[in-house]
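*Asks:* Fold the stuff below for me.
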Amino acid sequence: MPKLTVTEQADFLGTPGVLMRVAVVRQDGSPLVTPIWFIHEEDAIYFTPRAKSEWFDCLRRDPRVALCIDEQALPYRKVLAEGSAELVHDVGEDDLWRDQYRRIAKRYVDEEGAEAYVRNTIEQPRGLYRLVLADAKVNSWRMPVEGEDGMGIWHGRYYTPGTKF
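*Replies:* Alright, predicted model coming up:
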């Protein structure tokens, strides 16, 4: 499958409504995956756990994350990233990044809904994390688009010897 170009990746990560799944490590070593809202700014993925969420506790103990951002519609764009998330703002610092919180909400609901969401959850403290993509292992791909060869789209390791692709 073709990798996303830098421009395609930025366009996809800016697409409104696309959810991200964040995977963290529980204390017992088991994985925890949570679908969440995010925003892509300054070549980083920003996301915000509530103070009482299990995955916030996991990140505090172990900042390793795996992110999966994908879509169900063609061309099935996907971005996977693994790395160490950085706590940019801890609980109690919400006012310092409230505008960024609004921008995150506006990716998923209209402006009025985003304002209502912020207003209705303002007393629920959060942290703000980011994963800088330049510091992470990032893979991306999409299905071939019109004019591109659609045969043999999977990596060679997926084919058994003698496969016609």
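
*Asks:* C-alpha only now, for contacts and for neighbours.
*Replies:* Will do.

*Asks:* How is Asn120 classified with respect to secondary structure?
*Replies:* Recorded secondary structure, Asn120: helix (DSSP: H, G, I helix; E, B strand; the rest coil).

*Asks:* Give me the pLDDT value at it.
*Replies:* Per-residue confidence at Asn120 stands at 93 (pLDDT).

*Asks:* let's number from 37 now, not from 1
*Replies:* Right, with 37 as the first residue, what we last looked at is Asn156.

*Asks:* neighbours around it, how many?
*Replies:* Asn156 has 10 neighbouring residues, counting by other CA atoms under 10 Å.

*Asks:* what's the pLDDT at Pro197?
*Replies:* We have a pLDDT of 81 for Pro197.

*Asks:* my read: Ala102 touches Ala121, true?
*Replies:* No. Applying CA atoms under 8 Å, one finds Ala102 not in contact with Ala121, separated by 9.3 Å.

*Asks:* Looking at those two, which is more packed in?
*Replies:* Ala121 (24 against 20).

*Asks:* hang on, isn't the more buried one packed against Leu167?
*Replies:* Yes. Using CA under 8 Å, Ala121 is in contact with Leu167, at 4.8 Å.

*Asks:* And the strands in this structure?
*Replies:* Along the chain, counting by DSSP state E, strands occupy 56-61, 67-72, 75-77, 80-83, 100-106, 114-120, 122-125, 164-168, 173-177.

*Asks:* Same list (these) but as CSV, adding distance to Glu148.
*Replies:* Shown next, in CSV, are the strands of the chain (distance: least, CA to CA, whole Å):
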stretch, distance to Glu148
strand 56-61, 23
strand 67-72, 20
strand 75-77, 18
strand 80-83, 21
strand 100-106, 26
strand 114-120, 29
strand 122-125, 25
strand 164-168, 23
strand 173-177, 33
